[in-house]
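Enquirer: 3D, please:
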Amino acid sequence: MKVTPYVKTRKGISAKERLVCNIINYMDEYKNTFETSSIWQKCNMMLLMFYEYIPDVDKGDFTIDEVIIYNFPAEDLVIIKRDWETIMSKIKGGIAHEISEGDTLYLGACTKGSTSLTVRQQPFSEIPAKQRAYSLKQSYMTYILKTYVFGKKTDEHIIKDPALLREKGFEEYLMEKVSPYFGWSQMALLSEFGISTNSKNVNEIILAKILGVTGRISRTDEFRKANIIPKTIRIQKNGRIKESMSFPTFQFTAIIHEEWEESELKNYLEPTKFMFVIFRENHMGEFIFDRIKFWNISDEDLNEVQKVWEQTINTILKGVELHYDGRVTRNNLPKRVDNPVAHVRPHGRNAQDTYPLPDGRHMTKQCFWFNNTYVKSIIDEQP
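Expert: Numbering: from 1, shown residues only. Now for the predicted structure:
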């Protein structure tokens, strides 16, 4: 029996957390086929019980709102099996210590232990690997909740025929569909697909047309389940990336009560797979569709983000220093020069778009950002 909470927000209903299944035994699991694996033996049929999570209410007082028996749909099972094979390939390759929850789409391998220092022996390397458990990602659990409990209409599919996924992976399929358009200018693509818009997400609209999707690709069935986030990257003619990459804003009075392992930032970054849609400026100032790249953050870089997160909390707890320089109000939260990966800076609509600080003052909404130099290093990485 599996029990999972959900939350109601202004944006709708979502699962509060991933569904953790069983600890991965590195020393034995790789010997199995998917059909004899511990995850399949445990989760091929599940009794899921949903309750609404209410903050500051004792868990024992929650009531079960819905119960379903869940079997994986055929198209999902193909992807889950491939996810399992991805995890096993790292174990067999002696790099279980490099497993990341963002490696896979629906079935994750989340860290499991009292701290991130809880480790286990792996069979093909002497390097200890973090203890991990199979899990169904929060985004996948949200899909189950909305579809099977609340009866939400199924999202549009990119893959119309699930049988295609038996021949190739989802990322491989997308790459084959879009690669014929590499080298096209943005203007040529707009003309080719009859697109007329000044929208900021014009490149996502272009990609949707290439993939035969009528809406936004971020709202398709596959992208929602796998928590794939598309991000357009524009490389200037001088080879630099002007913009840093932003994440959701955080509330100062809430973040100071978080622990890193359960923090919103870690649980946003760790399981997420980003799809970078890369446009490169040519000598004429035109932006050319260069390529797409799937990427998820490494443990090493996530540790750097943790440092910025901890520095941010310490600064808030000590009292943020605010200084008006005659043009803008500056603060002493972590800057881009303080860390090679991330920093904090404003992300409000204007100076009046604020959150309260613990001491009662108000400050413009802030969020964590990937440094533009870090994003450039990701784009430049060889496959």
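Enquirer: Contacts only, for the residue nearest to Val305 when sequence neighbours are not counted.
Expert: Nearest residue to Val305, sequence neighbours excluded (Cβ to Cβ, 6 or more residues apart in numbering): Ala342, at 5.0 Å. Where you see a C-beta, it was placed from the backbone N, CA and C, and this is true even at glycine. The contact partners of Ala342, by Cβ atoms under 8 Å, 6 or more residues apart in numbering, come to 304-305, 308, 334, 368-371, 374.
Enquirer: which of these has the most neighbours?
Expert: Counting neighbours by other Cβ atoms under 10 Å, Phe368 leads the contacts of Ala342 with 27 neighbours.
Enquirer: Assign that residue to helix, strand or coil.
Expert: Secondary structure, DSSP: H, G, I helix; E, B strand; the rest coil: Phe368 is strand.
Enquirer: Going forward, the N-terminal residue is numbered 595.
Expert: Will do, 595 is the new start, and the previous item becomes Phe962.
Enquirer: Who does the residue nearest to Val899 form a beta bridge with?
Expert: For Ala936, the beta-bridge partners are Phe964 (DSSP bridges).
Enquirer: Tell me how far it lies from Arg885.
Expert: Note on Ala936: its distance to Arg885, by Cβ to Cβ, to the nearest Å, is 24 Å.
Enquirer: Ile973 now?
Expert: In this structure, Ile973 and Arg885 are 9 Å apart, going by Cβ to Cβ.
Enquirer: so what sits against both of these two?
Expert: Counting by Cβ under 8 Å, 6+ apart, the contacts common to Ile973 and Arg885 are Ile872.
Enquirer: what sits against the residue most central in space within the chain?
Expert: Residue closest to the average C-alpha location in the chain (Cα atoms, centre = their mean): Thr866, at 1.8 Å. Applying Cβ under 8 Å, 6+ apart, we find Thr866 in contact with 696, 821-823, 890-891.
Enquirer: Got a quick ChimeraX command for the buried subset of those residues?
Expert: Buried residues among the contacts of Thr866 (16 or more other Cβ atoms under 10 Å), as a ChimeraX selection:
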select :696,821,822,890,891
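Enquirer: Out of the contacts of Thr866, give me the two with the largest separation.
Expert: Ile822 and Ile891 (13.7 Å; Cβ to Cβ).
Enquirer: Using JSON lines, please lay out the contacts of Thr866 together with pLDDT and secondary structure.
Expert: As requested, the contacts of Thr866 are exported to JSON lines (pLDDT from 0 to 100; DSSP: H, G, I helix; E, B strand; the rest coil):
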{"residue": "Gly696", "pLDDT": "92", "secondary structure": "helix"}
{"residue": "Asn821", "pLDDT": "93", "secondary structure": "coil"}
{"residue": "Ile822", "pLDDT": "95", "secondary structure": "strand"}
{"residue": "Ile823", "pLDDT": "94", "secondary structure": "strand"}
{"residue": "Asn890", "pLDDT": "95", "secondary structure": "coil"}
{"residue": "Ile891", "pLDDT": "95", "secondary structure": "coil"}
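Enquirer: so how far is the helix or strand hosting Ile886 from its chain's centroid?
Expert: Following DSSP states H and E, one finds Ile886 within strand 881-889. Its chain's C-alpha centre and that of strand 881-889 lie 18 Å apart, by Cα atoms, centre = their mean, to the nearest Å.
Enquirer: Tell me the helices and strands packed up against it.
Expert: The contact analysis (3 or more Cβ pairs under 8 Å, 6 or more residues apart in numbering; DSSP states H and E) places strand 881-889 against helix 764-772, helix 780-786, strand 822-829, strand 867-875, helix 966-974.
Enquirer: Which of the contacts of Ala936 sits closest to Glu679?
Expert: Distances from Glu679 to those, taken by Cβ to Cβ, are shortest for Val899, at 28.6 Å.
Enquirer: tell me the contacts of that closest one?
Expert: By Cβ under 8 Å, 6+ apart, the residues touching Val899 are 859-860, 863, 891, 935-936, 962.
Enquirer: Leaving out chain neighbours, which residue sits closest to Arg828?
Expert: Using Cβ to Cβ, 6+ apart, the nearest residue to Arg828 is Phe873, at 5.1 Å.
Enquirer: Might one say that that neighbour is in contact with Ile886?
Expert: No - counting by Cβ atoms under 8 Å, Phe873 stays clear of Ile886, with 10.5 Å between them.
Enquirer: quick one: what helix or strand has Asp659 in it?
Expert: Using DSSP H and E, Asp659 falls in strand 658-664.
Enquirer: cool, Thr906 as well?
Expert: Short version, using DSSP H and E: Thr906 is in helix 893-912.
Enquirer: what comes into contact with the helix or strand following that helix?
Expert: Downstream of helix 893-912, the next assigned helix or strand under DSSP H and E is strand 917-918. With Cβ under 8 Å, 6+ apart as the test, strand 917-918 has contacts from 923-925.
Enquirer: Out of those residues, which sit inside strands?
Expert: Mapping the contacts of strand 917-918 onto strands (DSSP state E) picks out 923-924.
Enquirer: and the helix or strand following the strand holding Asp659, which residues are buried?
Expert: Later in the chain than strand 658-664, the nearest helix or strand by DSSP H and E is helix 668-686. Using 16+ other Cβ under 10 Å as the test for burial, helix 668-686 gives 669-678, 680-682, 684-685.
Enquirer: want to throw the contacts of Val899 into a markdown table with distance to Ser608?
Expert: Formatted as a markdown table, the contacts of Val899 follow (distance: Cβ to Cβ, whole Å):
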| residue | distance to Ser608 |
| --- | --- |
| Leu859 | 17 |
| Lys860 | 17 |
| Leu863 | 17 |
| Ile891 | 22 |
| Val935 | 27 |
| Ala936 | 25 |
| Phe962 | 21 |
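Enquirer: wait, which of the residues you listed is closest to Asp655?
Expert: Set against Asp655, the nearest of those by Cβ to Cβ is Lys860 (28.1 Å).
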